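# Generate coordinates for the sequence data below:
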Amino acid sequence: RRRPGTIALAACVALTVCLGTAQFARQRDDTFLAFRQAIVQASLDKADHTDVAGLDAVGYKRWIAAHHGDPDFILPSGLAKNNVAACRVLEWQARRVTMLCFDLPGHHADIFVVNEGDLPGVSLDHSPTFYADNGETSAAWKQGNKIYLVATTLPISDLQQLL
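As a prediction, the model looks like this:
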């Protein structure tokens with residue numbers, strides 16, 4: 001036979017755990033949404049878009065490393081067929097984000113790379129999740145310990161083929 005106080009206490013504890021879990025999930029989703037929106041905005045902002053252009057692949061990796069970006073990225077096969085046109089290392093909420101720009105026939109695409117530890121709790125699959133924001137298409141996925149996000153003017157169907 002249980003006391004009513006014990007049952008009420010157990011119910012309060014269970015409710016607190018459920019609410020805490022829901023709040024953590026919402027904060028994690030809000031962090032990724034804020035990151036994605038800021039990154040898409042950085043892609044749309046053409047005024048101060050890149051820091052360096054005209055290098056070869058090795059030159060870009062060296063420049064990125066020298067500017068405290070992440071040169072250890074793996075490009076999706078469709079994008080890897082194209083040469084990087086320019087790059088930049090930007091900062092979002094004290095996190096370093098590497099940006100690589102691609103000029104595609106009739107379109108522009110930027111891929112952003114951030115360490116998974118810089119976006120704690122964000123759960124992404126290895127296959128991309130696609131979004132449409134402010135006239136741009138974006139996709140995000142995780143590979144190794146990195147989170148990748150690409151923003152482009154390409155339609156989703158064309159972006160899917162690149163990734």
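# ranges for the strands of the protein?
When assigned using DSSP state E, the strands of the chain occupy the ranges 52-53, 86-92, 95-104, 107-115, 129-133, 136-143, 146-152.
# how near is Ser127 to Asp133?
20 Å (CB to CB, to the nearest Å). Any C-beta I mention is one placed from the backbone N, CA and C, and that applies to glycine too.
# Likewise for Gly59?
Here the distance between Gly59 and Asp133 works out to 31 Å (CB to CB).
# Who has more neighbours out of these two?
Set side by side, Gly59 and Asp133 give different neighbour counts by other CB atoms under 10 Å, the larger being at Asp133 (16 against 13).
# got the contact list for the closest residue to that one other than its chain neighbours?
Of all residues beyond its chain neighbours, the one nearest Asp133 is Val40 (4.9 Å), with distances taken as CB to CB, 6 or more residues apart in numbering. By CB atoms under 8 Å, 6 or more residues apart in numbering, the contact list for Val40 reads Asp133, Asn134, Glu136, Ser138, Ala151.
# now do Leu149
Counting by CB under 8 Å, 6+ apart, Leu149 makes contact with Phe35, Arg36, Ile39, Ile111, Phe112, Val114, Ser138, Ala139, Ala140.
# Hmm, which of the residues you listed is lowest in pLDDT?
Between the contacts of Leu149, the one the model trusts least by pLDDT is Ile39, at 82.
# So that one sits against Val150, correct?
No: Ile39 is not in contact with Val150 according to CB atoms under 8 Å; the separation is 9.4 Å.
# more neighbours, those two?
Taking other CB under 10 Å, Ile39 and Val150 do not tie; Val150 has more neighbours (27 against 24).
# Could you measure from that one over to Leu44?
Distance, Val150 to Leu44, by CB to CB: 14 Å.
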